[in-house]
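Visitor: here are the coordinates; sequence isn't available:
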C-alpha cells in the first residue's frame, strides 16, 4: 500500500471512507511513511506534530488552512492552538488507529504555505 510512495504522491491522494482494523497501518509501514513527514511522530494511536509561529495571526491562518483540508477530505484532526503554536493530531476512529487517510492529511498540511 505504501511501498515506494513519495511525498508528492501522498499529497496528491484523496481520503476515502475506511472501516475496520484491516486498514490500520502496521509499525513498519507507518515508520516508512513518517519518514516522508518531517516532525510528525506517532503518539499512541495518533500521529501528531506541533507547529510554532511568530504570533496569533499566522497561527490562526494555519489553523484555518488545516480546517479547510479537514473539510475537503472529510477527515478531521484534533487541533489545539494558542497565541503562537498549534498541535495537530490525526487518527482514524473507524479503524481504531492510524490509517492512510491520516498520512494523506498530514502531507497536505506539510504542503500548506507557512504564513
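Guide: Ah, there it is. All figures in this text were calculated on a predicted structure; none of them were measured in a lab.

Visitor: wasn't residue 49 part of a strand?
Guide: Yes: using DSSP: H, G, I helix; E, B strand; the rest coil, the assignment for residue 49 is a strand.

Visitor: so it makes contact with residue 88?
Guide: Yes: when contacts are counted by CB atoms under 8 Å, residue 49 is listed as touching residue 88 (5.9 Å). From N, CA and C alone the C-beta is placed, and that goes for glycine too.

Visitor: which one of the two has more residues nearby?
Guide: The residue with more neighbours, out of residue 49 and residue 88, is residue 88; 24 against 18, by other CB atoms under 10 Å.

Visitor: so what's that one bridging to?
Guide: residue 49, residue 79 (DSSP bridges).

Visitor: hang on, it packs against residue 66?
Guide: Yes: taking contacts as CB under 8 Å, residue 88 lies within contact range of residue 66: 5.9 Å.

Visitor: what residues are shared contacts of the two?
Guide: Common contacts of residue 88 and residue 66 (CB atoms under 8 Å, 6 or more residues apart in numbering): 77, 79, 109.

Visitor: hmm, back to that, common neighbours of residue 49 and residue 88, please.
Guide: What both residue 49 and residue 88 touch, as defined by CB under 8 Å, 6+ apart, is the set 106, 109.

Visitor: is residue 81 part of a helix or strand, or is it coil?
Guide: strand.
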